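J.: coordinates only, sequence not included:
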């Protein structure tokens with residue numbers, strides 16, 4: 001995972017809503033005199049430094065990791081589904097962030113639509129074929145910065161034995177030390193994947209080929225508390 005050192009000096013101490021870049025502007029804050037002063041979001045972002053999270057191996061905090069995805073169903077709705085079980089490992093280099101990397105493994109059988117019968121259908125041969133392909137994997141190949149705390153992550157995604165490059169828009173939300181005194185990093189990521197690229201084209205185009213992926217994850221240098 002590559003991050004330009006000069007571009008990633010400071011990062012936001014607040015989560016960006018829905019992973020989208022916050023609009024430039026000012027936040028009104030009351031002073032002791034009852035007057036309002038203007039604090040730019042850029043000023044808030046400059047309070048966190050990547051070096052606060054020391055170099056080393058980081059693992060996903062299972063209590064704070066979410067992968068959800070959404071698609072269009074015949075133009076009537078945009079359902080949200082999630083993966084209930086997945087792991088990720090981050091090799092973090094605070095002094096040379098561009099040397100960092102991340103790998104993700106998803107338990108395909110953990111798919112959760114909220115409807116048991118539909119979960120069984122998704123696990124079957126028409127879709128993910130869990131019996132033959134129990135895992136989905138992602139391995140990063142690079143990240144190019146787009147702003148102070150954002151970048152475009154590239155990587156190889158493997159589903160049903162087929163591997164294709166994908167891109168994700170990534171926000172590094174925070175880097176620091178958790179309550180347990182260990183290094184901690186928080187990320188948001190968004191992207192779009194075409195399921196037909198991986199041989200999962202059942203009902204296209206009546207059900208959209210494009211699937212929107214939404215990821216929220218926290219990593220610690222050891223297991224973190226709830």
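T.: Right, received. Where do you want to start? Since the model is a prediction, treat every value here as computed from it, not as a measurement.

J.: how many other residues sit next to the spatially closest residue to residue 198 that is not a sequence neighbour?
T.: Of all residues not flanking residue 198 in the chain, residue 159 sits nearest, at 4.0 Å (CB to CB, 6 or more residues apart in numbering). For glycine as for every other residue, the C-beta is placed from the backbone atoms N, C-alpha and C. Close neighbours of residue 159, defined as other CB atoms under 10 Å, add up to 22.

J.: quick one, phi psi at the closest residue to residue 196 other than its chain neighbours?
T.: Nearest non-adjacent residue to residue 196, counting by CB to CB, 6+ apart: residue 209, 5.1 Å away. Backbone torsions for residue 209, taken as degrees, to the nearest 10, come to phi -70, psi -40.

J.: look up how far residue 79 lies from residue 209.
T.: Relative to residue 79, residue 209 is positioned 15 Å away (CB to CB, to the nearest Å).

J.: before we move on, what about residue 54?
T.: Counting by CB to CB - residue 54 and residue 79 are separated by 40 Å.

J.: then residue 120?
T.: If you measure residue 120 against residue 79 using CB to CB, the figure is 16 Å.

J.: ditto for residue 93
T.: Separation of residue 93 from residue 79 (CB to CB) stands at 39 Å.

J.: OK, contacts around residue 199?
T.: Going by CB atoms under 8 Å, 6 or more residues apart in numbering, residue 199 touches 159-160, 162.

J.: hang on, the earlier thing: report the contact partners of the residue nearest to residue 198.
T.: Counting by CB under 8 Å, 6+ apart, residue 159 has contacts 128, 133, 136, 198-200.

J.: any chance of CSV for those, columns secondary structure and distance to residue 187?
T.: Formatted as CSV, these follow (DSSP: H, G, I helix; E, B strand; the rest coil; distance: CB to CB, whole Å):
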residue, secondary structure, distance to residue 187
128, coil, 25
133, coil, 26
136, strand, 18
198, helix, 24
199, coil, 29
200, coil, 26
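
J.: by neighbour count, which of those residues wins?
T.: residue 128 (23 neighbours).

J.: quick one: contacts for that one?
T.: Contacts of residue 128 (CB under 8 Å, 6+ apart): 108, 111, 122, 159-160, 200.

J.: do you know how far residue 86 is from residue 97?
T.: 23 Å.

J.: residue 146 too?
T.: Taking CB to CB as the measure, residue 146 falls 15 Å from residue 97.

J.: more crowded one of those two?
T.: Neighbours per residue, other CB under 10 Å: of residue 146 and residue 97, the larger number sits with residue 97, 22 against 14.

J.: and the more buried one, how far from residue 107?
T.: The gap separating residue 97 from residue 107 is 29 Å, by CB to CB.

J.: show me where pLDDT drops low in this structure?
T.: 1-48, 148, 222-226 (pLDDT under 70).

J.: what distance separates the helix ranked longest in it from the centre of its chain?
T.: As assigned by DSSP state H, the longest helix anywhere in the chain is helix 116-123. For helix 116-123, the separation from the chain centroid amounts to 25 Å (computed by CA atoms, centre = their mean, to the nearest Å).
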